[in-house]
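*Asks:* sequence first, predicted coordinates after that:
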Amino acid sequence: KSKKVRFITVNAPISLGPGSFAWWPLDVQAIIQKVFMVGIPGLFKGPKPKELQTTTSLVMDYIHAECKRHGVEMKKVALVGFSQGSWLTVNLALKMKETPAGLGLFSSAMYCDEWAAMAKAKKGLKVLQFHGKQDIVLPFQQGQMLYNCLKEAGAEITFNEFNGQHTIPREGVTALDDFLCKNLN
């Protein structure tokens, strides 16, 4: 029996260069410098840009509108993001009333301290996470911090490390395909 699957993608509005986008202004050099100044655990401590909340609300409204348009419940929707898009993915999933079918996170990080408390309300959330051990944009340890946060809150999470940098590895695409087939039943 074949299944109907619809992929809806949303590009972030800010171009950082060929094939690279951001949801809000992002200074990668400043992030790298901050690692040396405050260490990896303190990298994202402090206030967040106002665009995080605005973008979360806009994308959440868009997702709900698409679900309504296609007659799909949120429990049949997977959210997937890379880098800053994965932060948005986590923020969306934790703020939504309904729990999505799963999250695919690539090169993600523990961006918001409040996620730890929010994640407890999403116990059982299914998550597939990949992070490169040589990632200099978002250090590997930040990915591990997010994994630990979600795991401690009761998420059903699989963390996959790979030898690589800030990218989506080929094995990640294959694993995401399997993850979606399994969780979009």
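*Replies:* Arrived safely, thanks for sending.
*Asks:* how many neighbours does Thr167 have?
*Replies:* 17 (other C-beta atoms under 10 Å). The C-beta positions use only the backbone N, C-alpha and C, and glycine is treated the same way.
*Asks:* strands of this structure, start to end?
*Replies:* 14-17, 20-22, 78-82, 102-106, 126-132, 156-162 (DSSP state E).
*Asks:* can you pull the pLDDT of the nearest residue to Glu161 once chain neighbours are set aside?
*Replies:* Spatial nearest neighbour of Glu161, chain neighbours left out: Lys133 (5.4 Å); criterion: C-beta to C-beta, 6 or more residues apart in numbering. For Lys133, the model assigns a pLDDT of 97.
*Asks:* dump the residue contacts of Lys133.
*Replies:* 140, 161-164 (C-beta atoms under 8 Å, 6 or more residues apart in numbering).
*Asks:* got a PyMOL select line for the buried ones in those?
*Replies:* In PyMOL, a selection of the buried entries from the contacts of Lys133 looks like this (16 or more other C-beta atoms under 10 Å):
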select buried, resi 140+162+164
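*Asks:* tell me the bridge partners for Phe21.
*Replies:* Ser15 (DSSP bridges).
*Asks:* pull the contacting residues for it.
*Replies:* Per C-beta under 8 Å, 6+ apart, neighbours of Phe21: 11-15.
*Asks:* from these, list the buried ones, please.
*Replies:* Of the contacts of Phe21, these count as buried by 16+ other C-beta under 10 Å: Ala12.
*Asks:* go through the contacts of Phe21 and say which is closest to Phe106.
*Replies:* Set against Phe106, the nearest of the contacts of Phe21 by C-beta to C-beta is Ala12 (14.2 Å).
*Asks:* dihedrals phi and psi, the closest one?
*Replies:* The phi/psi pair for Ala12 (degrees, to the nearest 10) reads phi -60, psi 150.
*Asks:* for the protein, longest helix please?
*Replies:* helix 50-70 (DSSP state H).
*Asks:* ok, the closest residue to Leu184 other than its chain neighbours to Ile31 distance?
*Replies:* Leaving aside its sequence neighbours, Leu184 sits nearest to Ala101 (C-beta to C-beta, 6+ apart; 5.5 Å). Distance, Ala101 to Ile31, using C-beta to C-beta, to the nearest Å: 31 Å.
*Asks:* next: Phe21.
*Replies:* Distance from Phe21 to Ile31, by C-beta to C-beta: 16 Å.
*Asks:* Leu128 too?
*Replies:* 24 Å.
*Asks:* check Ile136 too.
*Replies:* 10 Å.
*Asks:* who's more crowded, those two?
*Replies:* Ile31 (17 against 13).
*Asks:* so who does that one touch?
*Replies:* 43, 137-138.
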